[in-house]
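Peer 1: dropping the sequence and predicted coords here.
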Amino acid sequence: MTATPSRLSLRIYVVENDTDSRQMLALLLTSWGHQVASASTMGEALEHLPGNRYDVLISDIGLPDGNGWQLMDRLRELGAENAGCAIAMSGYGMGSDLEKSRAAGFRHHLIKPMDIDHLDRLLAEITREIDAGR
């Protein structure tokens, strides 16, 4: 784990059904100085995301009650596109999976197991965009 933390503390919402993966990702992001909230299902995320603002949404594609692509569709339907940047994470990494993620509104698609340094670079990029907008 050689990643260095981004300068700005981002508000990040993680949707991941695997408890260990969700907790480890939240721990990593928190150790980098970010504020993290999480859900284990699409339904749980849909209960929490509307009305709350996050800088980044990181969602697994394979969820027990749907998938990350459906989550993005539902957020749009609810008018709750409240994350500045959405990042998909999945074991699915075929070209068609990447295209589905882009079409659903994910800006990035990380393939599991995730490259932690790549995630940190993406968060640093998002930080720079937010800083430039201030």
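Peer 2: Received the coordinates, thanks. Numbering: from 1, shown residues only.
Peer 1: report the distance from the longest helix along the chain to the chain centre.
Peer 2: The single longest helix within the chain, with elements called by DSSP state H, is helix 116-133. Centroid separation for helix 116-133 versus its chain: 13 Å, with Cα atoms, centre = their mean, to the nearest Å.
Peer 1: next one: stretch 38-52
Peer 2: For stretch 38-52, the distance to the chain centre is 12 Å (Cα atoms, centre = their mean).
Peer 1: now the residue sitting nearest the centre point of the chain: how far from Met89?
Peer 2: Residue closest to the average C-alpha location in the chain (Cα atoms, centre = their mean): Ile58, at 0.8 Å. Note on Ile58: its distance to Met89, by Cβ to Cβ, to the nearest Å, is 6 Å. Just so you know, the C-beta spots here come from the backbone N, C-alpha and C atoms, and that holds for glycine as well.
Peer 1: give me the common contacts of those two.
Peer 2: Glu16 (Cβ atoms under 8 Å, 6 or more residues apart in numbering).
Peer 1: which secondary structure elements does the lowest-mean-pLDDT helix or strand in the chain contact?
Peer 2: Least confident helix or strand of the chain, by mean pLDDT, DSSP states H and E, is strand 83-90 with a mean of 90. Judged by 3 or more Cβ pairs under 8 Å, 6 or more residues apart in numbering; DSSP states H and E, strand 83-90 is in contact with strand 54-60, helix 68-77, helix 95-104, strand 108-111, helix 116-133.
Peer 1: quick one: it to helix 95-104, angle?
Peer 2: 160 degrees (axes from the mean of the first three to the mean of the last three Cα atoms, to 10 degrees).
Peer 1: for strand 83-90, which strands pair with it and how are they oriented?
Peer 2: strand 54-60 (parallel), strand 108-111 (parallel) (DSSP bridges).
Peer 1: deepest-packed of the ones you listed, please.
Peer 2: Counting by mean count of other Cβ atoms under 10 Å, strand 54-60 has the highest mean neighbour count of these, with a mean of 25.
Peer 1: after that one, next one along is what?
Peer 2: The helix or strand immediately downstream of strand 54-60 is strand 62-63, counting by DSSP states H and E.
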